[in-house]
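1. Give me the fold of what follows.
(chains A and B)
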2 protein chains.
Amino acid sequence: MTGAGQRAPNTAASLALPVGLALLTILSVWRLKQFKYRLINETGGAMFYGMLVGAIVRCLSLVWGECMDNMETVCSCGGLNSTPHMFTGNITSHVGNVTQRCLPVLTPYMETFDPEVLFNLFLPPIIFHGAYTLNQKRFFANLGSVLTFAFLGTIISCVTIGACVYGFTRLMVLLGLAADGDFFLTDCLLFGAIMSATDPVSVLGLLSELRVDLDLHTLLFGESVLNDAVAIVLTHAITTYSQMGAGHALDPSAVLLSVGCFLGVLAGSFLLGFIFTVITALLTKFTRLCENPLLETSVFFLLSWSSFLSAEAVGLSGIVAMLFCGLSQARYTIHNLSSEGRTRTKQLFEVFNFLGEIFIFSYMGYVLLIFPCHVFKALFISGAFLSIFISRACNIYPLSFLLNLGRTAKIPLSVQHFMTFAGLRGAVAFSLAVRDTSSEVRRTILTTTLLLVGFTIWVLGTAADPMLRCLDIRVGVDAEENPEDLCSEVATGRPDTTRGLWHRLDYKYLKPLLTHCAPSLTDSLPQWCGIFARLFGSPHVQEHEEQLFETKPDDSTFDLEKMEDQLVSVRGDSGSEHQEDLLEGDLGLGTAAALAREA
Amino acid sequence: MTGAGQRAPNTAASLALPVGLALLTILSVWRLKQFKYRLINETGGAMFYGMLVGAIVRCLSLVWGECMDNMETVCSCGGLNSTPHMFTGNITSHVGNVTQRCLPVLTPYMETFDPEVLFNLFLPPIIFHGAYTLNQKRFFANLGSVLTFAFLGTIISCVTIGACVYGFTRLMVLLGLAADGDFFLTDCLLFGAIMSATDPVSVLGLLSELRVDLDLHTLLFGESVLNDAVAIVLTHAITTYSQMGAGHALDPSAVLLSVGCFLGVLAGSFLLGFIFTVITALLTKFTRLCENPLLETSVFFLLSWSSFLSAEAVGLSGIVAMLFCGLSQARYTIHNLSSEGRTRTKQLFEVFNFLGEIFIFSYMGYVLLIFPCHVFKALFISGAFLSIFISRACNIYPLSFLLNLGRTAKIPLSVQHFMTFAGLRGAVAFSLAVRDTSSEVRRTILTTTLLLVGFTIWVLGTAADPMLRCLDIRVGVDAEENPEDLCSEVATGRPDTTRGLWHRLDYKYLKPLLTHCAPSLTDSLPQWCGIFARLFGSPHVQEHEEQLFETKPDDSTFDLEKMEDQLVSVRGDSGSEHQEDLLEGDLGLGTAAALAREA
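-> Here you go, the predicted structure:
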């Protein structure tokens, strides 16, 4: 509270800890980097400090021995884990109640970390920032490949991990380490779905540290951003399926419903995210909001965040909505913002992203040590460790082979190796696992997930640098994207019939509707839509598309933008042959490039 | 939570409401302003929408008639209000429990608004932003007057309101409207302390809309920022006094303890705020943190916020710590930041300030209508309404008279009238009142406070514009501060012995220690401090003080800064004679200016 407290200042004290932790993380990781020790990044550091604090709190609680006994009693009674709010419940009610009597000092730290609030506040800006700052041109150039990896790849991952872990659980039954009904196939598939979400936060951290080849960057980051969406919706579908009581037998109607739910949630979330973009774009296009950058930024921020909150409120996936909102805001709304508004929105989300990342990873480390109901199953964990490598290999190599059949610029074997290797897991996997800890299976999943997250971040994250050198993928290049390169797209960028449906929709209808870009809406819409076209058409159409593409280099006068540009605009030497398949609408399958040459 | 929810998405839904409300407020206030209807500002609009939502929720609950009966039953039993957490308790436990059975849709909106979290998150940036963006030169030029109004004025206010309201409570006893022991003098003084906090948020909103004379701006805003600190600490001291069971008799030892507590909390909070500034300043001075604006901004933000949280955690006043932290950060640390870091920190706090203001005022409007245990005492409320005007007059006129004896630039009568009039109350008064609603007296205080806040913001806020015209104080001038004017200070700005102790400490020791400013620490410290001076002295001292003052106009290349400059840099025509008393160290009492002329 605000005044000098006459009562225990719980909230402030419990907020002071993560803030102090974040400071410690930022400063120590930054010092380490100054000493050229680039292996540990912020995410790893944050998780380490979280674990440290968890360990200290744990040790302090051990001092009150009888207290711990009480806690064990509470934890061992299974009945406590019955609601979906369970994790919150665990920390706030049960541990809280027990410790309140014995550990008045520690109570705030064990009480107020509500993962739901944490994820509602910090995950959206992280996801949004990832989508918003994605190099649009590269992304759309590689869209086909990215979508293949994100959709097909995630489903392959999920099934492979599920099958592999299921095998191990059967082994556990054979060895007498588990009862027959402990782990169903659906539980293993659920774990597969949770584990197939590679983390954009840690992947981005890794990539920005290492400055890899730009195509590899787009593929890896695009995949990790989109596969979150797929993994979340898969998790939801599998949960729906198993809640229908069909946990152990294959029920066709339940499968159908799950598939329907998968598609419905995905489409619904996509649509909701897009609706908020349309609102923001129209608001910034037709009002003079951009005259006041503070209002502009606030409205942009609140509307984008609303896409997450509304999706969650109506039972859709907030992350998926936020993701598509971020992608489409960067494609349309950004053109309507003032130059200062553009910088401000990026900087705001950048700070939120940076701090959110640190808070979430510290929290993960903290939960790993403080969660009182961990279930360690050695065989399950071993199976999981093995499965994430197998699944990654089953995902990347065959899909790359198939994609290379269509791509002009093949995905080289070395890049495939690195993509297999760089499947870091993080916040989304954790948030999916922590959502429900009501049964022993779910607690096993949470424990294993946390261990895997820690392992991938520390071990794989640290090994990435030597791995890149070993695979001879360019590291440490710091060239900026050639501006001429950006314009080359414009030169050949007229909308011809060879472009896909998506591109025509985008170029002829959405851009004119949502931005001031040419062509005018009156030109692209049929005659009978005249009123609509005049109503929503731009009063001052920007005749030359160049103007739009220039908005990108314009931004780079700001340091932030430069930093971000460095991050995404590193071009590979071997990229000369890539250049031709970077035409928008190519979808990364090489066909458009070939057709453009013919034209 | 992050995934597509299989359970009621409570947190998201309850976050979606305030976010939607904030959007509605921003857009409609902005539209109103476009139509040149400048009378309602964001704070008033936000409060209005908050009340609207409160009214809707209230109406919807009335539909469930039997439900409301239950609620009344719960509310009328006094026993529910026994802990200091009461307000939270009211909303979360009692209303929550009652409504959970009947109003599943509304429950999230009645449950999760925890004022403590709200104030811990949003009030610090608001206060910090106010202090951080205060025109330093003007502030220090008028420091004497500002401090007089803030300290003496607030104490006068507190006593006057207390006495006036006590008179009305005696009247209530005489008329049989209250029992003899219902209201003690300490309760009335407590109300006086709560009500004497004029609100920087609404005052700033008012001033930025109206663009008043710059000296009036500094006096009003400086007073409103600092008197929060005094009011908070006074409230704390009076609470301490009444908790010692000396509620109805004058106990000298308790009075002494309260005064000690007052001074202790004030000094402690001041010191803590300053310690965090020292940490930030040394960190940014001696490390190369400023090479990375993102890190710089994050560290600056987290350390500043830490001053609030640590103060609250150790039982001091977070707002006071944050206030002094903001003032000193703007005086020292800002010189160590990179130019981008400076813009970023300001923009970040600006957004937080803007959104925080809207959230807090919507929340106030909401609570006004949704709080189930309001106690309306017509005579108490009338007394309070009368007393705020009387107290304001007793505060401003006599003190202005005394100050004018010492000031070269007198405070004109018209400015005094406007200062008396512009005593808007807001977030801090509310936060002090809502802290404890355990007794009927405290609930009466909360209700009255909310009504007074609404009244001052809507009625006084709206009448301010005609009032200014009527008093003939310059409005709507948009000139920027003359840069030469800034340098004139430097010309006569050498540290001579006529300057006060504070100025010598600041110029000779603190600035060289915390920034790269001249003189070097080795010059200003005595010989025997050699090691210390070499350790903390700047490796590259900026020889010319001009360089430092230039940092201010430098910033104004950014639009934000321009906006803020417009806000504070409007000079009065009648200000020509003011110019001479604006020398730093004058403390607004006119003596330094006279001495400077003699020199």
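2. Run through the stretch 1-150 of chain A and note the low-pLDDT ranges.
-> Applying pLDDT under 70 to the stretch 1-150 of chain A flags residues A:1-11, A:34-40, A:65-115.
3. just so I have it, where are all the helices in it?
-> A:10-34, A:42-63, A:65-76, A:86-89, A:96-102, A:107-111, A:115-132, A:136-141, A:143-148 (DSSP state H, counting those that start in this stretch).
4. Can you tell me the SS state at A:Phe183?
-> coil (DSSP: H, G, I helix; E, B strand; the rest coil).
5. what residues are up against A:Val351?
-> For A:Val351, the contacting residues are B:294, B:297-298, B:301, B:344, B:348, by C-beta atoms under 8 Å, 6 or more residues apart in numbering or on different chains. C-beta coordinates here come from the backbone N, C-alpha and C atoms, glycine included.
6. Switch those residues over to CSV; also include distance to chain A.
-> Formatted as CSV, these follow (distance: C-beta to the nearest C-beta, whole Å):
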residue, distance to chain A
B:Leu294, 6
B:Thr297, 6
B:Ser298, 6
B:Phe301, 7
B:Arg344, 6
B:Leu348, 6
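7. export these to a markdown table and tack on distance to A:Val367?
-> Converted to a markdown table, these look like this (distance: C-beta to C-beta, whole Å):
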| residue | distance to A:Val367 |
| --- | --- |
| B:Leu294 | 27 |
| B:Thr297 | 28 |
| B:Ser298 | 23 |
| B:Phe301 | 25 |
| B:Arg344 | 32 |
| B:Leu348 | 29 |
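8. I'd like those residues as CSV, with distance to A:Ala409 and pLDDT appended.
-> Formatted as CSV, these follow (distance: C-beta to C-beta, whole Å; pLDDT from 0 to 100):
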residue, distance to A:Ala409, pLDDT
B:Leu294, 33, 86
B:Thr297, 38, 90
B:Ser298, 38, 90
B:Phe301, 42, 91
B:Arg344, 38, 89
B:Leu348, 41, 90
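9. Of the residues you listed, which belong to helices?
-> B:294, B:297-298, B:301, B:344, B:348 (DSSP state H).
10. Let's have those residues in CSV, adding neighbour count.
-> Converted to CSV, the ones in helices among the contacts of A:Val351 look like this (neighbours: other C-beta atoms under 10 Å in any protein chain shown):
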residue, neighbour count
B:Leu294, 20
B:Thr297, 28
B:Ser298, 24
B:Phe301, 23
B:Arg344, 27
B:Leu348, 21
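11. Let me know the closest of those residues to B:Ala16.
-> Compare each of the ones in helices among the contacts of A:Val351 with B:Ala16 using C-beta to C-beta and the shortest gap goes to B:Leu348, at 23.8 Å.
12. would you list every one of the helices in the stretch 351-500 of chain A?
-> For the stretch 351-500 of chain A, the helices defined by DSSP H, counting those that start in this stretch cover A:378-406, A:413-421, A:427-434, A:440-455, A:461-471, A:483-491.
13. quick one: contacts of the third one?
-> Applying C-beta under 8 Å, 6+ apart, the external contacts of helix A:427-434 come out as A:87, A:115, A:119, A:123, A:126, A:193-195, A:197, A:199, A:201, A:228, A:231-232, A:235, A:319, A:357, A:360-361, A:364, A:367, A:442, A:445-446, A:449-450, A:452-453, B:1-3.
14. Next, the angle from that helix to helix A:440-455.
-> Using axes from the mean of the first three to the mean of the last three C-alpha atoms, to 10 degrees, one finds that helix A:427-434 and helix A:440-455 are set 160 degrees apart in direction.
15. so A:Gly222 is in which element?
-> Under the criterion DSSP states H and E, the helix or strand holding A:Gly222 is helix A:214-243.
16. check contacts around A:Ile155.
-> Taking C-beta under 8 Å, 6+ apart as the test, what A:Ile155 contacts is A:230, A:234.
17. Torsion angles phi and psi at it?
-> Main-chain torsions, A:Ile155, degrees, to the nearest 10: phi -70, psi -40.
18. now it: how far from chain B?
-> 17 Å (C-beta to the nearest C-beta, to the nearest Å).
19. Repeat that for A:Leu460.
-> For A:Leu460, the distance to chain B - C-beta to the nearest C-beta - is 23 Å.
20. pretty sure that residue is touching A:Ala422, no?
-> Yes - between A:Leu460 and A:Ala422 there is a contact at 7.0 Å, judged by C-beta atoms under 8 Å.
21. With neighbour numbers in mind, choose between the two.
-> Applying other C-beta atoms under 10 Å in any protein chain shown to A:Leu460 and A:Ala422 shows that A:Ala422 carries more neighbours, namely 27 against 19.
22. Skip the chain neighbours and tell me the closest residue to that one.
-> Sequence neighbours aside, A:Leu220 is the residue nearest to A:Ala422 in space, at 5.9 Å (criterion: C-beta to C-beta, 6 or more residues apart in numbering or on different chains).
23. distance of the one you found from chain B?
-> A:Leu220 is 21 Å from chain B, by C-beta to the nearest C-beta.
24. relative orientation of the longest helix belonging to chain A and helix A:214-243 in degrees?
-> Longest helix in chain A, counting residues (DSSP H): helix A:252-286. If you take the same axes, to 10 degrees, helix A:252-286 sits at 130 degrees to helix A:214-243.
25. Buried residues, helix A:252-286. List them.
-> Burial within helix A:252-286, assessed by neighbour count using 16 or more other C-beta atoms under 10 Å in any protein chain shown, is assigned to A:254, A:257-258, A:261-262, A:264-266, A:268-270, A:272-277, A:279-285.
26. model confidence over it, on average?
-> Mean pLDDT, helix A:252-286: 87.
27. ok, that helix near chain B or not?
-> Yes - judged by C-beta under 8 Å from any C-beta of the partner chain, helix A:252-286 comes into contact with chain B at A:265, A:269, A:283.
28. If you count contacts, what does that helix end up packed against?
-> Packed against helix A:252-286, as judged by 3 or more C-beta pairs under 8 Å, 6 or more residues apart in numbering or on different chains; DSSP states H and E, are the following elements: helix A:214-243, helix A:293-313, helix A:318-331, helix A:511-514.
29. So what's the gap between that helix and the chain middle?
-> Centroid separation for helix A:252-286 versus its chain: 17 Å, with C-alpha atoms, centre = their mean, to the nearest Å.
30. Per-residue confidence, the residue in the stretch 351-500 of chain A that chain B sits nearest to, what does it come out as?
-> The minimum distance from the stretch 351-500 of chain A to chain B, using C-beta to the nearest C-beta, falls at A:Ser431 (4.0 Å). pLDDT, the model's per-residue confidence, is 85 for A:Ser431.
31. any idea how far it is from A:Leu450?
-> 12 Å (C-beta to C-beta, to the nearest Å).
32. for A:Thr280, same thing?
-> 37 Å.
33. now A:Leu355
-> 22 Å.
34. And for A:Thr444?
-> 11 Å.
35. what do these two both touch?
-> With C-beta under 8 Å, 6+ apart, A:Thr444 and A:Leu450 have no common neighbours.
36. OK, contacts around the residue nearest to A:Ala422?
-> By C-beta under 8 Å, 6+ apart, the neighbours of A:Leu220 are A:203, A:207, A:212, A:419, A:422.
37. Out of those, name the two that are farthest from one another.
-> Maximum pairwise distance in the contacts of A:Leu220, criterion C-beta to C-beta, is 11.5 Å, between A:Leu207 and A:Met419.
38. near chain B, which residues of the stretch 151-300 of chain A show up?
-> A:232-233, A:235-236, A:239-240, A:243, A:265, A:269, A:283, A:288-289, A:292-295, A:297-299.
39. try it again with 10 Å
-> Counting by C-beta under 10 Å from any C-beta of the partner chain, the positions of the stretch 151-300 of chain A adjacent to chain B are A:193-194, A:197, A:228, A:231-237, A:239-240, A:243, A:261-262, A:264-266, A:268-269, A:279, A:283, A:287-289, A:291-295, A:297-299.
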